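Asks: Fold the stuff below for me.
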Amino acid sequence: MLFMEFSHCCERLENLSGRLEMIDLISKELPGLSEEELPIFVRFVMGRIFPDWSQTKLGIGPNLLYEAIAYVAGEKKEAVVEKINSTGDVGKAVEELLAIKSQTTFFHEDLDLVRVYHELMSIASQEGKKSQREKLLSVRRLLGNARPLEGRYLARIMLEELRIGVGEGSVREAIAKAFGVDSALVEHAMQALNDLGEVARLTRVGPEALNNVHITVFHPVRMMLAQAGTIPDMIKEHGPIAAEFKYDGSRFQFHKKGNWCRMYSRRLEDVTGALPDVIEQLLGAIDHDVIIDGEVIAIKDGRPMPFQSVLRRFRRRHDVAEVSAEIKLVPNVFDILYLDGETLIGLPLSERRKILEITVNFFIAPQVVSDDPAIIGQTYQAALDAGHEGIMLKVLSSPYSPGQRGKNWIKIKPEVDTLDLAVIGAEWGEGKRAHVFGSFLVACQDQGTLIPLSRVATGFSDEQLAEVYDLLKDRVIAKSGKEVTFEPNLVFEVGYSELQVSPTYQGGFALRFPRFVRIRDDKDTSEIETLDSIRERYQRQANSPQVQ
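Replies: Below you'll find the model as predicted:
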């Protein structure tokens with residue numbers, strides 16, 4: 001497939017508003033792709049380059065891309081930034097700049113899908129002191145051969161923000177439709193492989209290939225997620241339930257095979273080097289080949305420390321030994337996904353728990369099983385008394401569903417309601433804060449599209465605003481007066497007093513008294529709150545006794 005054909009497909013998708021139409025269009029493209037093209041197309045159409053489990057990063061930020069665009073378009077970098085600011089879209093700005101340039105350029109070497117992918121792989125592999133220079137030359141070469149429409153989508157893919165409204169669910173349905181396979185099988189394979197490109201290739205082979213997929217050690221899978229709920233509702237619906245402490249720490253996934261092990265964060269980043277003390281503790285507790293799920297907490301004087309203490313260790317790349325002596329980290333293991341070659345995610349929680357207890361010798365999170373609200377309530381109070389966030393309630397018959405946020409896991413916390421939202425824009429501060437961003441536009445997601453929900457301006461210390469500025473200053477993709485737009489890659493946890501119906505924001509809701517709680521850089525923007533879950537929260541809020 002030529003990259004121009006892919007670009008035309010993206011343009012048609014970008015102009016569609018209906019999810020079913022998108023699924024239909026993608027499903028018609030897939031059967032005609034070659035063995036090598038199929039996984040690349042599937043990843044690209046979702047704005048991704050590498051499998052979700054992969055640690056490979058392209059390593060191209062907006063500034064490097066702007067420099068490459070300026071060179072190819074024969075413009076100054078400042079003019080490129082101005083064009084991006086006026087369009088609010090790097091892709092369309094590149095398209096317009098290349099359209100002007102193409103009037104004086106008569107030769108383009110045709111780009112095809114596979115070549116673009118291999119060029120991007122080559123860019124990602126460049127390391128060392130001269131790597132940024134080499135990356136810049138490679139990006140120039142790609143853009144130099146791109147026609148205007150190709151430039152729109154090539155630039156967006158390099159920033160991994162395709163902006164055509166195609167979510168993973170739509171692509172999953174399209175794969176099933178294209179090859180006449182049950183979508184549940186496609187979802188099962190995705191949960192195990194964490195790479196929809198490879199799943200598409202197997203789907204073409206047939207249902208048997210999908211049935212035979214297994215979790216693989218050192219290919220991390222997404223972590224199962226929880227949503228808000230209540231103790232009475234869970235007991236009423238399920239009878240006996242499992243209650244576990246909800247820790248204010250960082251999720252981890254620990255993989256071990258023989259003498260080799262790796263640890264991955266919630267965002268599936270390899271954090272093995274940052275946590276040697278935790279690795280040592282787990283190796284001393286496990287003799288088998290495993291993949292386990294848990295949470296690391298920081299302990300001081302026998303009490304858990306705030307989440308940020310753990311996060312500092314997860315971020316650490318240098319002087320790890322010195323910091324590990326200052327902050328004691330302890331793992332708490334609560335699930336097992338794989339044991340000695342066998343995938344366990346399809347087993348009910350009750351069976352996985354039995355396997356966990358005979359496989360891991362220490363650090364297993366305590367669990368209470370009961371259908372008595374008083375006993376569950378006592379567990380909840382015990383968690384709070386011990387300094388933890390609250391409890392998790394889990395359905396005993398539930399499988400482990402990677403990446404799914406459903407009603408099988410419920411979190412119970414006493415704090416103000418919070419939402420995890422993507423930061424998509426900001427406004428410069430005033431007075432002593434004029435040199436940093438002072439308020440932020442945050443968004444939820446709907447089928448892969450970011451939907452603005454609120455502005456957040458309170459809850460920040462001066463130190464936190466400085467930290468946020470450092471994280472976002474190189475992610476600016478557009479400016480308008482005092483406002484800036486970011487390439488979305490940062491997540492805030494935002495507290496609020498209630499949800500309100502509002503015509504101001506696209507999703508139809510707004511937050512009353514929004515307040516910054518903390519940065520959630522253990523989370524990816526794909527994990528933020530969905531518009532559907534916000535609708536559910538609003539309905540629960542409307543039905544709560546406090547508003548009757």
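Asks: Next one: Glu427 relative to Arg455, how far apart?
Replies: Taking CB to CB, to the nearest Å as the measure, Glu427 and Arg455 are separated by 8 Å. The C-beta positions use only the backbone N, C-alpha and C, and glycine is treated the same way.
Asks: Quick check: neighbours shared by the two?
Replies: When contacts are counted by CB atoms under 8 Å, 6 or more residues apart in numbering, Glu427 and Arg455 are jointly contacted by 439-440.
Asks: which stretches of the chain have low pLDDT?
Replies: 102-108, 313-326, 415-416, 543-548 (pLDDT under 70).
Asks: and the residue nearest to Ser401 when sequence neighbours are not counted, what does it touch?
Replies: Nearest-residue entry for Ser401: Met224, 5.4 Å, with adjacent residues in sequence omitted and distances by CB to CB, 6 or more residues apart in numbering. The contact partners of Met224, taken as CB under 8 Å, 6+ apart, are 293, 335, 400-404, 408-409.
Asks: and if you look at Leu120?
Replies: Counting by CB under 8 Å, 6+ apart, Leu120 touches 49, 58, 157-158.
Asks: Narrow those residues to those in helices?
Replies: Under the assignment DSSP state H, the contacts of Leu120 contribute 157-158 to helices.
Asks: surely Thr449 meets Gly167?
Replies: Yes - counting by CB atoms under 8 Å, Thr449 touches Gly167, with 7.5 Å between them.
Asks: re the thing from before, from the contacts of Leu120, which is closest to Met392?
Replies: Comparing these against Met392 with CB to CB places Ile49 closest, at 34.2 Å.
Asks: Nearest residue to that closest one in space, please, no chain neighbours.
Replies: Leu120 (5.4 Å).
Asks: same deal with Ala209?
Replies: That would be Leu202: by CB to CB, 6+ apart, it lies 4.3 Å from Ala209.
Asks: Could I get the contacts of Met224 in TSV, plus columns for neighbour count and distance to Ser34?
Replies: Below are the contacts of Met224 laid out as TSV (neighbours: other CB atoms under 10 Å; distance: CB to CB, whole Å):
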residue	neighbour count	distance to Ser34
Asp293	20	37
Asp335	22	39
Tyr400	24	35
Ser401	18	32
Pro402	22	29
Gly403	17	28
Gln404	15	32
Asn408	22	39
Trp409	22	40
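Asks: Please name the residues that touch Asp335.
Replies: Per CB under 8 Å, 6+ apart, neighbours of Asp335: 224, 292-294, 349, 352-353, 356, 400.
Asks: Mind checking which of those residues land in strands?
Replies: In this view, the contacts of Asp335 that belong to strands under DSSP state E are 292-294.
Asks: Tell me the one of these nearest Gly32?
Replies: Asp293 (39.5 Å).
Asks: Roughly how far does the residue nearest to Ala209 sit from Ala192?
Replies: From Leu202 over to Ala192 the distance is 10 Å, taken as CB to CB.
Asks: anything in contact with each of these two?
Replies: Val213.
Asks: where's the residue nearest to Ile49, which helix or strand?
Replies: According to DSSP states H and E, Leu120 maps onto helix 113-125.
Asks: could you point out which element follows that helix?
Replies: Heading C-terminal from helix 113-125 (DSSP H and E), you reach helix 131-144.
Asks: is it possible to export the contacts of Asp335 to JSON lines including distance to Asp270?
Replies: Below are these laid out as JSON lines (distance: CB to CB, whole Å):
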{"residue": "Met224", "distance to Asp270": "20"}
{"residue": "Ile292", "distance to Asp270": "16"}
{"residue": "Asp293", "distance to Asp270": "16"}
{"residue": "Gly294", "distance to Asp270": "16"}
{"residue": "Leu349", "distance to Asp270": "27"}
{"residue": "Arg352", "distance to Asp270": "25"}
{"residue": "Arg353", "distance to Asp270": "27"}
{"residue": "Leu356", "distance to Asp270": "23"}
{"residue": "Tyr400", "distance to Asp270": "21"}
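Asks: With respect to Ala466, which of these is nearest?
Replies: The closest of the contacts of Asp335, once distances to Ala466 are taken by CB to CB, is Gly294, at 32.3 Å.
Asks: Which residue is the nearest non-sequential neighbour of Pro31?
Replies: Using CB to CB, 6+ apart, the nearest residue to Pro31 is Ala178, at 5.5 Å.
Asks: For the one you found, give its distance to Lys394.
Replies: 36 Å.
Asks: so how many other residues sit close to Glu351?
Replies: 14 (other CB atoms under 10 Å).
Asks: for stretch 190-206, the distance to its chain's centre please.
Replies: Here stretch 190-206 shows a centroid-to-chain-centroid distance of 19 Å under the convention CA atoms, centre = their mean, to the nearest Å.
Asks: How about that stretch, which residues are buried there?
Replies: Residues of stretch 190-206 classed as buried: 190-204 (neighbour count, 16 or more other CB atoms under 10 Å).
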